[in-house]
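Participant: Below is the sequence, then the predicted model.
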Amino acid sequence: MTKQDLVNAAAAAAGVTKKDAQGVLDAVLNTITAALKKGETVTITGFGTFRVSSRAARNGVNPRNPGQKIKIPAMKLPAFKAGKSLKDSVR
């Protein structure tokens with residue numbers, strides 16, 4: 001399912017225009033992104049939790065030259081943990 005498919009399904013389910021559904025979806029995604037940028041956790045009860053995960057710096061191997069070692073810097077990554085209701089409905 002693509003973002004456009006999600007917009008179409010939401011518009012049909014809510015009985016609103018696709019343009020309105022697109023605006024709401026964009027607003028929700030932008031709000032979640034902004035909260036994660038600040039390091040906050042976003043919990044949607046019954047769906048799941050978005051959080052920021054940290055990955056430590058490590059050494060790796062250059063895929064173009066396997067004999068060359070490279071240093072991979074530490075970074076922050078978005079993570080999602082599914083809630084119980086979502087897990088149960090998928091099972």
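Facilitator: Cool, got the structure.
Participant: contacts, neighbours, all on C-alpha from now
Facilitator: OK.
Participant: can you pull the buried residues of stretch 80-91?
Facilitator: Going by neighbour count (16 or more other Cα atoms under 10 Å), the buried part of stretch 80-91 is residue 82.
Participant: which outside residues touch it?
Facilitator: Contact with stretch 80-91 is made by 45, 46, 47, 48, 49, 50, 51, as judged by Cα atoms under 8 Å, 6 or more residues apart in numbering.
Participant: ditto for stretch 8-25
Facilitator: Residues contacting stretch 8-25 (Cα under 8 Å, 6+ apart): residue 7.
Participant: From the contacts of stretch 80-91, pick the one nearest residue 32.
Facilitator: Distance to residue 32, by Cα to Cα, is smallest for residue 50 among the contacts of stretch 80-91, at 8.0 Å.
Participant: Could you check which helix or strand contains the closest one?
Facilitator: strand 48-55 (DSSP states H and E).
Participant: Most distant residue from the centre of this protein?
Facilitator: Relative to the mean C-alpha coordinate of the chain, counting by Cα atoms, centre = their mean, the farthest residue is residue 67 (34.7 Å).
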